[in-house]
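> Show me how the following folds:
(one chain, ligands or ions: 3)
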Amino acid sequence: MTILPKHVAVIMDGNGRWAQAHGHPRIYGHTVGTEKVEEIIRAAADTGIRYLTLYAFSKENWQRPKAEVNFLMSLLSSYLDKKAQLFITEGLVFRTIGRTEDLPKPIREKMGRLAEQTRHHKGMTVIFAVSYSSRLEIADACRKIACDVRDGKLKAEDITEKTVAGYLDTADIPDPDLLIRTSGEMRISNYLLWQISYAELYFTEKYWPEFGREDFMKALEEYQNRERRFGKTEAQAGAAAIAARQSAAKKPHGEGER
Ligand code: IPE
Ligand code: IPE
Ligand code: MG
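Residues are numbered from 1 along each chain as shown. Ligands and ions are numbered 1, 2, ... in the order given. This next block holds a predicted model:
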């Protein structure tokens, strides 16, 4: 791989439609979809990606039928029980973003424990977006900034893009380079609106339960053929890409700032 995205964000969508297309109830799709998560975590870690953010449950998803929400919560809970060991043995860092205070207490506690246990790991960071809403995250950041200005901790005239980014849940995480959405929907659904400003977007028709390692690699391959210009001209962007490749080639696999 020449230039590898440092951070990949995924909207794991299409569980319900996949199940129904196979003659099963929607919740069966969530079970199979949850089982697929490990395959993508392993594929990303094996490739040398440093951050993987997975949209597991949105703030808006609370509006689904109670039985489906309860099922998703029990799946999340058993996922944490079953997969905690994966994070330990593979040296992965576990993190969450979103309104985790909305979650049942036992789940919050399991998440807190796993985050604490894996905080010092050196492997890829896996970030689960749970009860997540990007607009809410931005509104929360605005409120915290306003309070800090009121309390004299921050001057209004000193507020920059970096200040705002620093008040988001993702404060110490670099922006995603690549966003993948499965299931054919071409929308962002309130996910990382600030952070994906310059991410490359990749949409696939495959439903999440049928999205595997090879599909993930295909997305990475397509990413490598994109030209990221960041507002500059083709010639400027080309020169910057060559410089980035040369500097990446000098570093051992996976090395670099976190
Ligand atoms: C993604 O699959 C999982 C969650 C949103 C929790 P969906 O449940 O949205 O499946 P579709 O999109 O309705 O098929
Ligand atoms: C986005 O999927 C949220 C997750 C994948 C967890 P949705 O299925 O909730 O999004 P919409 O409703 O189709 O936009
Ligand atoms: Mg969906």
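> So which residues make contact with the one helix or strand Arg42 maps to?
For Arg42, the host element (DSSP states H and E) is helix 26-47. Contacting residues not belonging to helix 26-47 are listed as 1, 4, 8, 10, 12, 14-20, 22, 52, 54, 67-68, 71-72, 75, 79, 83, 86, 90, 92, 123-124, 126, 207-209, 211-213, 216-217, 220 [C-beta atoms under 8 Å, 6 or more residues apart in numbering]. No exception for glycine: its C-beta is placed from N, CA and C like everyone else's.
> same thing with stretch 241-249?
Taking C-beta under 8 Å, 6+ apart as the rule, stretch 241-249 contacts 2-4, 227-228.
> For it, list every residue counted as buried.
Within stretch 241-249, the residues that count as buried by 16 or more other C-beta atoms under 10 Å are Ala241.
> May I have that stretch exported as PDB, CA atoms only?
C-alpha atoms of stretch 241-249 as PDB (Å, rounded to 0.1, in the frame of the first residue of the first chain):
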ATOM      1  CA  ALA A 241       1.300  13.500  -2.600                       C
ATOM      2  CA  ILE A 242       4.700  12.500  -3.900                       C
ATOM      3  CA  ALA A 243       6.300  14.100  -0.800                       C
ATOM      4  CA  ALA A 244       3.900  12.300   1.500                       C
ATOM      5  CA  ARG A 245       4.600   9.000  -0.200                       C
ATOM      6  CA  GLN A 246       8.400   9.500   0.100                       C
ATOM      7  CA  SER A 247       8.100  10.300   3.800                       C
ATOM      8  CA  ALA A 248       5.700   7.300   4.400                       C
ATOM      9  CA  ALA A 249       8.200   5.000   2.600                       C
END
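> For that stretch, give the mean pLDDT please.
Stretch 241-249 shows a mean pLDDT of 85 in the predicted model.
> same deal with stretch 137-145?
98.
> List of residues touching that stretch?
Here stretch 137-145 has contacts from 97-98, 154, 159, 163-164, 167-169, 193-194, using C-beta under 8 Å, 6+ apart.
> from memory Ile173 sits against Ile127, does it?
Yes: judged on C-beta atoms under 8 Å, Ile173 makes contact with Ile127 at a distance of 6.8 Å.
> Which one of those two is surrounded by more residues?
Ile127 (24 against 20; other C-beta atoms under 10 Å).
> distance of that one from Phe211?
To Phe211, Ile127 is 18 Å away according to C-beta to C-beta, to the nearest Å.
> can you check Tyr167 too?
Counting by C-beta to C-beta - Tyr167 and Phe211 are separated by 33 Å.
> Over to the closest residue to Tyr191 other than its chain neighbours. Which of the three states is it?
Leaving out its chain neighbours, the residue that sits closest to Tyr191 by C-beta to C-beta, 6 or more residues apart in numbering is Tyr55, at 5.4 Å. Following DSSP: H, G, I helix; E, B strand; the rest coil, Tyr55 is assigned to strand.
> Against ligand 1, how distant is Tyr55?
8 Å (C-beta to the nearest ligand atom, to the nearest Å).
> Contacts only, for that residue.
Contacts of Tyr55 by C-beta under 8 Å, 6+ apart are 9-13, 129, 132, 189, 191.
> which bits of this structure sit near ligand 1?
With C-beta under 6 Å from any ligand atom as the criterion, the chain meets ligand 1 at residues 12-17, 57, 61, 72, 183.
> In strands, which of these appear?
Among the residues of the chain next to ligand 1, the members falling in strands are Phe57 (criterion: DSSP state E).
> among the residues of the chain next to ligand 1, which are in reach of ligand 2?
Within these, those near ligand 2 by C-beta under 6 Å from any ligand atom are 12-13, 57, 61.
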